[in-house]
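Student: test case, fold it:
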Amino acid sequence: MESDVKLTHPSPVRTYNARQGRITALTSGTIERLWQRFGVDIDDDAALDLTAVFGPDVPVVLEIGCGMGTATAVMAADRPDIGILAVDVHTRGVSRLLQRVEDQGLDNVRVARGDAVRLLSGRFGPGSLAGIRIYFPDPWPKARHLKRRLVQPAFASLAATRLRPGGLLHCATDWQPYAEQMLAVLDAEPALANVGEGFVERPSWRPVTPFEQQGLAAGRRVHDLLHVRVGLTGSNGA
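Tutor: You can find the predicted model right below:
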């Protein structure tokens, strides 16, 4: 039986680069206006009641690093039966996604702002998620910064505990060295099994993002990785 002990990242090293910039009145106003309806606080110590947030029997997917929310909104509209909790550290992106949620009536999306590892370890219980999505995380390309990459062995172990049997961990990156690291780390996690043999083709449920288009235009190849929580085979597109 899995323990409910809160796991943490291997070190307090920050795995994201929180860009600083001027926060406009529109950005802060959107967050203030919509947060009570669609926001989830990372720093709350209580376990997150997903049934209260999304409703009974709704499979929930955590999206780490939603950017401006373009892909999040598309995936949420395509699968209204799946709840999406999207987390990002950048205030502008959080504001943009909140506005998309309101404009498009996406009742199956909630938004969190801050450290995704803290959210994952502190507010989710074992086996509570149907999926985790990590699309184009910061590659930290310089050698001295490799320790800052999100996908490390301790993170893979943490993510696996939060996935229910058959839940999917879906990663995508256009940075070849990081793709290779992801593959090695996730393949080495005993609680996860690779759905394919190495990398996989982009699944139909993941739209091409503006950031991805930039990478493709620069000649970089995009790599998708799909790993399933051991205990149940197959994929339901979560």
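Student: okay, now the unreliable bits of this protein?
Tutor: In the predicted model, the chain carries pLDDT under 70 at residues 1-23, 26, 232-238.
Student: which stretches of it form helices?
Tutor: In the chain, the segments counted as helices under DSSP state H are 25-38, 50-54, 70-78, 91-104, 116-123, 153-162, 176-188, 210-217.
Student: mind putting the ones you listed into TSV with mean neighbour count?
Tutor: No exception for glycine: its C-beta is placed from N, CA and C like everyone else's. TSV is the format used below for those (neighbours: other Cβ atoms under 10 Å):
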stretch	mean neighbour count
helix 25-38	14
helix 50-54	15
helix 70-78	20
helix 91-104	20
helix 116-123	22
helix 153-162	20
helix 176-188	17
helix 210-217	13
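Student: I'd like those helices as CSV, with distance to Ile64 appended.
Tutor: CSV is the format used below for these (distance: least, Cβ to Cβ, whole Å):
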stretch, distance to Ile64
helix 25-38, 17
helix 50-54, 16
helix 70-78, 11
helix 91-104, 12
helix 116-123, 4
helix 153-162, 9
helix 176-188, 13
helix 210-217, 14
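Student: of the ones you listed, which is nearest Asp138?
Tutor: helix 176-188 (9.1 Å; Cβ to Cβ).
Student: what angle do the closest one and helix 153-162 make?
Tutor: Computed with axes from the mean of the first three to the mean of the last three Cα atoms, to 10 degrees, the direction of helix 176-188 lies at 50 degrees from that of helix 153-162.
Student: ok, residues contacting helix 176-188?
Tutor: Around helix 176-188, the neighbours that count as contacts under Cβ atoms under 8 Å, 6 or more residues apart in numbering are 137, 139-141, 146, 149, 151-153, 156, 169, 171, 173, 192, 194, 198-199, 220-221, 223, 225, 227.
Student: over to stretch 39-55?
Tutor: Stretch 39-55 is touched from outside by 31, 58, 60, 83, 85, 87, 98, 108, 110-115, 118-119, 122-125, 128, with contacts defined as Cβ under 8 Å, 6+ apart.
Student: in strands, which of those fall?
Tutor: Among the contacts of stretch 39-55, the members falling in strands are 60, 83, 85, 87, 110-113 (criterion: DSSP state E).
Student: want to throw these into TSV with distance to Glu102 and neighbour count?
Tutor: Supplementary listing: the ones in strands among the contacts of stretch 39-55 in TSV, determined by distance: Cβ to Cβ, whole Å; neighbours: other Cβ atoms under 10 Å:
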residue	distance to Glu102	neighbour count
Val60	20	23
Gly83	17	23
Leu85	17	26
Val87	18	23
Arg110	13	22
Val111	11	27
Ala112	17	26
Arg113	16	22
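Student: now, which of those residues sits nearest Val94?
Tutor: For Val94, the nearest member of the ones in strands among the contacts of stretch 39-55 is Arg113. The distance, counting by Cβ to Cβ, is 4.7 Å.
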